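Peer 1: Fold the following.
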Amino acid sequence: MAYLGYDDVKDYIGNPYETPEEERLSNYDSKMHQPEPTLVYMGVDEASVPPPHNAPGREIAEKYPGEVYFAIDITPGNQAEKYQAKATEVVERAKAKGLNFLNVRIGVNLSLDEAPLVAMARSFIDWNLRNVVCLIIVSSF
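Peer 2: Residues are numbered from 1 along each chain as shown. Reported below is the predicted structural model:
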């Protein structure tokens with residue numbers, strides 16, 4: 001299993017902390033909206049504290065030391081039109097580094113540390129693909 005860093009995907013996902021939430025909500029137009037890439041927070045490995053990295057959210061990361069993990073869907077066909085080319089670029093750059101993308105449904109041999117991460121990431125990303133709108137949140141409006 002290979003891990004991509006923020007530098008590998010930053011052109012694809014941009015800076016998720018760039019626009020304040022209030023501004024994002026006030027500018028939202030459901031008729032023009034193209035869903036952003038699915039990025040799922042997986043947790044922090046407190047046993048591994050990497051050196052400081054100048055990336056979005058650095059201030060938050062300094063409060064909670066450890067290696068932070070996110071899962072991201074870079075399948076071009078799962079993306080809104082405006083993100084498909086960038087997703088393809090991420091895939092091609094990863095392949096150029098010698099990385100492969102496997103179907104993890106069956107027949108993949110993962111370590112005891114990797115298997116739960118992959119299972120959780122796959123289920124969260126799948127849920128987000130199938131449930132574009134959370135009915136619990138929508139019902140509160």
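Peer 1: how about the closest residue in space to Pro35 that isn't next to it in sequence, what does it touch?
Peer 2: If you skip the residues right next to it in sequence, Pro35 has Ala80 as its closest partner in space, 5.1 Å away by CB to CB, 6 or more residues apart in numbering. Every residue, glycine included, has its C-beta placed from N, CA and C. Applying CB atoms under 8 Å, 6 or more residues apart in numbering to Ala80 gives the contacts Gln34, Pro35, Glu36.
Peer 1: how about the first one, what does it touch?
Peer 2: Under the criterion of CB under 8 Å, 6+ apart, the neighbours of Gln34 are Ala80, Glu81, Lys82, Tyr83.
Peer 1: Of those, which is the most crowded?
Peer 2: Tyr83 (19 neighbours; other CB atoms under 10 Å).
Peer 1: Relative to the whole chain's centre, how far out is the helix or strand that one falls within?
Peer 2: Counting by DSSP states H and E, the secondary-structure element that holds Tyr83 is helix 81-96. Relative to its parent chain, helix 81-96 has a centroid offset of 14 Å by CA atoms, centre = their mean, to the nearest Å.
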